[in-house]
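> I would like to see how this sequence folds:
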Amino acid sequence: MQKPLIAVLLASAFVSLNAHAIDLIQVYQQALANDATFASARASLAAGRERVPQGRAGLLPTVGLSGAYTKNNSDVSQFSVSQDGFVAGGSNLRSNQYTLALSQPLFRWDRWQTYEQSKLAQAIAEAQFAQAQQDLITRVAQAYFDVLSAQDTLESTRAQKTAVTEQLASAKRNFEVGTQTITDTHEAQAAYDLVVAQEFAAVNDLDNKRSALQAIIGAEPGTLAPLQTGITLAPPQPATVDQWVSSAESQNYGVTAAQLSVESAKREISKSRAGHLPTLDLVASSSRTDVAGRSAGSGDTRNNAIGVQWTVPIFSGFGVSSRVRETIALEDKARNDLEATRRNAALQARQAFLGVNSGLAQVKALQAAEVSSQSALESNKLGYQVGVRINIDVLNAQRQLYSTRTDLARARYNTILNGLRLKAASGSLREADLVPVNNLLQK
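Prediction:
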């Protein structure tokens, strides 16, 4: 009756521990809510969406109401030929003036170009936010698997420490009974001291990786769900690099933003040239002036006017020509920036594609190496027991096995990350792409 009860308790404890483990999707959701970099991108998007109303405002009428209140006191003294001599006079005036004015642009080429640029600016903001979303996905996945990799390294180091400790104890016992020399003990002690130092470094590295993840999600990360054992990683689809490169050159969000910047630079040239063009506005106004006081001009005056107003620029000190040359140079800069962005996107796609395929090959090779290293360790232990192998052979075999396991785990993580980077470079990475990656984790 005791064994089933113990089994139930152990199973319950295992389920309880896994219940507190969070997976990649949960970490990503925390990052969506708390990552400061993504929050900044979201605020930039909100600001960018206000560019169109601002650009449209330059084409719409403007209406303004102005007024003035004036109080005027004056005294006048003049000489009179009458018996009175000097005659005093004056006035006490109070004036209220109101003016309602309207101006509607009829032809202002620069404002039209500004409006067109505002739509491009909003599209650039949308592309930059989409790029920020992709960056968040890759940053979260990178930080998540960095923590798992650091945990694997620490676990492997501690397992190696346990094995080296047993080997050191065995060497000391054999030396005491006289079956081995002190050299075996020294070799085992050196291996133990080295693995202790490696353990300290692994603990520090794990703390750093968890801190990096905490900086993204804004909270102390809990226990992370590890990868399942014996998982199979799928190759990229489509299987040819040229298709990925073509997508990167045309659909990458950085390329899209650069293309929109070129169009905006063209509009800027046209807007600068508008300095040579005339302007035409419809203007209308209605004014009223109330004058009260001792004056012949007292009373109300009303005036309504409507018409068109035009201006023709003649000379502006060569400033317009200079601005045109400046915007032409900036348009050329934007074109070169676009080409650089397109080439960089293609390079990222190629590197990620090769990284996935190389990672798949490494995983396959390291899986075989793990089996071979395990067999080599068992053979060396047996040889050591019968006296045909020395202590250093066993230590080297142990080191090789744990190193291979660490490399295998790291190769799996890098392959998964390169798959996400490949989709990001081609502009096709979405939140849904985290689901198949999350399915590789232990539930």
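> For the most centrally placed residue in the chain, which non-adjacent residue is spatially closest?
By CA atoms, centre = their mean, the mean C-alpha position of the chain lies nearest to residue 132, the distance being 3.4 Å. Once flanking residues are discounted, residue 132 sits nearest to residue 41: 3.5 Å by CB to CB, 6 or more residues apart in numbering. The C-beta positions use only the backbone N, C-alpha and C, and glycine is treated the same way.
> just checking, next helix/strand downstream of the host helix or strand of the one you found?
Using DSSP states H and E, residue 41 falls within helix 36-48. Per DSSP H and E, the first helix or strand lying C-terminal to helix 36-48 is helix 51-57.
> hmm, who's touching that following helix?
114-119, 121-122, 125 (CB atoms under 8 Å, 6 or more residues apart in numbering).
> Which other helices and strands does the lengthiest strand in the chain contact?
In the chain, assigned by DSSP state E, the strand with the most residues is strand 86-107. Contact analysis of strand 86-107 by 3 or more CB pairs under 8 Å, 6 or more residues apart in numbering; DSSP states H and E lists strand 62-79, strand 279-293 as its packing neighbours.
> Of those strands, which is nearest residue 430?
Residue 430 sits nearest to strand 62-79 of all these, at 43.9 Å, using CB to CB.
> pLDDT averaged over the closest one, what's the number?
The predicted model assigns strand 62-79 a mean pLDDT of 79.
> Low-confidence regions, the stretch 1-150 of the chain specifically.
1-19, 74-91 (pLDDT under 70).
> try 80 this time
The model of the stretch 1-150 of the chain has pLDDT under 80 over residues 1-20, 72-93.
> which stretches of the stretch 151-300 of the chain form strands?
279-293, 299-311 (DSSP state E, counting those that start in this stretch).
> Let's have those strands in JSON lines, adding distance to residue 367, mean pLDDT and mean neighbour count.
What follows is those, written out as JSON lines (distance: least, CB to CB, whole Å; pLDDT from 0 to 100; neighbours: other CB atoms under 10 Å):
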{"stretch": "strand 279-293", "distance to residue 367": "74", "mean pLDDT": "90", "mean neighbour count": "15"}
{"stretch": "strand 299-311", "distance to residue 367": "78", "mean pLDDT": "91", "mean neighbour count": "10"}
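> mind putting those strands in CSV, distance to residue 101 included?
Compiled in CSV, the strands of the stretch 151-300 of the chain are given as follows (distance: least, CB to CB, whole Å):
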stretch, distance to residue 101
strand 279-293, 4
strand 299-311, 9
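> Show me the contact partners of the helix holding residue 41.
For helix 36-48, contacts defined as CB under 8 Å, 6+ apart pick out 31-32, 121-122, 124-126, 128-129, 132-133, 135-136, 139, 218.
> Quick check on those: which are buried?
With neighbours counted by 16 or more other CB atoms under 10 Å, the contacts of helix 36-48 contain buried members at 31-32, 121-122, 124-126, 128-129, 132-133, 135-136, 139.
> follow-up on the earlier one: OK, contacts around the residue nearest to the centre of the chain?
Per CB under 8 Å, 6+ apart, neighbours of residue 132: 37-38, 41-42.
> Kindly recompute the last result at 10 Å.
Contact analysis of residue 132 by CB atoms under 10 Å, 6 or more residues apart in numbering lists 35, 37-42, 44-45, 139, 253.
> before we move on, what about residue 243?
Residues in contact with residue 243, defined by CB under 10 Å, 6+ apart, are 236-237, 349, 353, 426.
> Relative to residue 353, how far out is it?
The gap separating residue 243 from residue 353 is 10 Å, by CB to CB, to the nearest Å.
> For the residue nearest to the centre of the chain, what is the enclosing helix or strand?
helix 109-177.
> how deep is the residue nearest to residue 132 tucked in, by neighbour count?
Neighbourhood size, residue 41 [other CB atoms under 10 Å]: 20.
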